[in-house]
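> Generate a structure from the sequence data that follows.
(4 chains)
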2 protein chains.
Amino acid sequence: MIRVVIVDDHALVRAGLAELLEGDSEIEVVATAANGEEAVDLATREEPDVVLMDLSMPGMGGAEATRKLLASGTEARVVVLTSLSARERILDALDAGAIGYLLKDADPDELVRGVHAAARGESPLSPRAAHEVLAARTDQRPAVNLSAREREVLQLVGEGLPNKLIARRLEISEKTVKAHLTQVFAELGVTDRTQAALWLERNGLPESS
Amino acid sequence: MIRVVIVDDHALVRAGLAELLEGDSEIEVVATAANGEEAVDLATREEPDVVLMDLSMPGMGGAEATRKLLASGTEARVVVLTSLSARERILDALDAGAIGYLLKDADPDELVRGVHAAARGESPLSPRAAHEVLAARTDQRPAVNLSAREREVLQLVGEGLPNKLIARRLEISEKTVKAHLTQVFAELGVTDRTQAALWLERNGLPESS
DNA sequence: GCCTCCCTCCCCCGCGCGGGAATGGCGACT
DNA sequence: AGTCGCCATTCCCGCGCGGGGGAGGGAGGC
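Modelled structure (predicted):
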């Protein structure tokens, strides 16, 4: 039997997926978790073979949960289960150690096959997701190297503050703010603060390097 | 038998919900739809007793689909099935004629009971949703009355365009764009285009009426 | 030592942007 | 028919914003 843990913040989705998977004679859903903390806890206790992990969860997100879960020494294979509409960071989850990813609007058969594949140590990769991930990767800014100060300024732009208030908040002169912004715009490939704010809203604050 | 149609843009969610509902001996899932257009089409042809309607769908949203569906003369009871995390406009769907709403993280039992209740003409109202809906109502901007032109301008601001390009796109003068924006800013309670773009990104384009 | 990167600040310049006030048109209501 | 209100349009004015270029000092790497 393939022992499966389902992680999703919606109880109905958990129950529905469990029903789907239980329909397969070799799959047993041993537990479900509603958030990242529960997932880490359950995965260490239940020792599942496969963890189906939703990415969009309140609190600890799916990527972070994946990282902690794998760090805890479990041998479970983590499969990301996500929708494309909410442009989630599939790549983050894969970087965190997820073995594969499936789309929430995949065929039920595909889900079952994916679980089997993951249990065998293979990578279930939804072809349609692969395309999107590839697109996201090329879309990904390869050189979003922002200094600490530049990130701070960008963050405040993302709160809708004008330069004068940003300067006051950071206790620097307005000229310096503008200098930083010029650099930020160039780095993000945008032309003004509005586009920068939208970039931030969609892509999130870039990593600290 | 209670004839049910499930509308959700994720195939896995559709299949999962169908499995859950088929577990009840009095419920029969006669069809599923992936978007609003399909939903209207199927509901008129299958004559279901209950339609489970997800709100967040690409293209025609759940609220609009509900409206068209009911306008087509069906006797189906529409029950909104939504998650709270994406602050969807449950009220819009209820205004459109939905008989009740359930949360995606409700108990599976609650879903089954909700379908039975809706089939009897009762309103299944998730108590937890009720609380949130109430909170959303106070949170709701009471006066986001934008004219068609103002919405167009706002949308283009949300794409990061400067006034000159917005003017060219709408084939009006730049002065007019700015005048519209002044009105939009006042209506949204923001002070500049950056905040307006962020408002749009978070709250979405306000309804047409 | 030297070099590079980052943070800080300055100059000037020109355009973009938002506020205020005013006009004509069009439909709704009386 | 009159008139009230909303919408789209235009003008001027002053500040905000972004580009270009430069410059000093401090931290870390070679």
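
> Looks like A:Met1 contacts A:Glu26 (just checking).
Yes - if you go by CB atoms under 8 Å, A:Met1 and A:Glu26 touch, sitting 6.1 Å apart. The way it works is simple: take the backbone N, C-alpha and C, and place the C-beta from them, glycine included.

> quick one: A:Val25 from B:Leu181, how far?
Residue A:25: Ser, not Val. Separation of A:Ser25 from B:Leu181 (CB to CB, to the nearest Å): 62 Å.

> Compare those two and say which is more crowded by neighbours.
Using other CB atoms under 10 Å in any protein chain shown, the more surrounded residue of A:Ser25 and B:Leu181 is B:Leu181, with 19 against 7.

> what about the more buried one, which helix or strand?
Using DSSP states H and E, B:Leu181 falls within helix B:174-188.

> next one: A:Ala31
strand A:27-33.

> By proximity to chain B, which residue of chain A wins?
For chain A, the residue closest to chain B is A:Gly16, as judged by CB to the nearest CB, at 2.2 Å.

> contacting residues around the strand holding A:Ala31?
Outside strand A:27-33, the residues that touch it by CB atoms under 8 Å, 6 or more residues apart in numbering or on different chains are A:1-8, A:14-15, A:17-18, A:21-22, A:39, A:41-42, A:46, A:48, A:112, A:115-116.

> hmm, 7 Å instead?
Contact with strand A:27-33 is made by A:1-7, A:14, A:18, A:21-22, A:39, A:42, A:46, A:48, A:115, as judged by CB atoms under 7 Å, 6 or more residues apart in numbering or on different chains.

> pLDDT at A:Glu75, what is it?
Looking at A:Glu75, its pLDDT is 80.

> burial measure for the nearest residue to it once chain neighbours are set aside, as a count.
Closest residue to A:Glu75 apart from its sequence neighbours, by CB to CB, 6 or more residues apart in numbering or on different chains: A:Glu47 at 7.4 Å. By other CB under 10 Å, 13 other residues sit near A:Glu47.

> what's the spacing between A:Glu47 and B:Val78?
Distance from A:Glu47 to B:Val78, by CB to CB: 44 Å.

> and if you look at A:Leu111?
A:Leu111 is 28 Å from B:Val78, where distance means CB to CB.

> quick one: the helices in chain A?
Using DSSP state H, the helices of chain A run over residues A:11-22, A:36-46, A:62-71, A:90-95, A:108-119, A:127-139, A:148-157, A:163-170, A:174-188, A:193-203.
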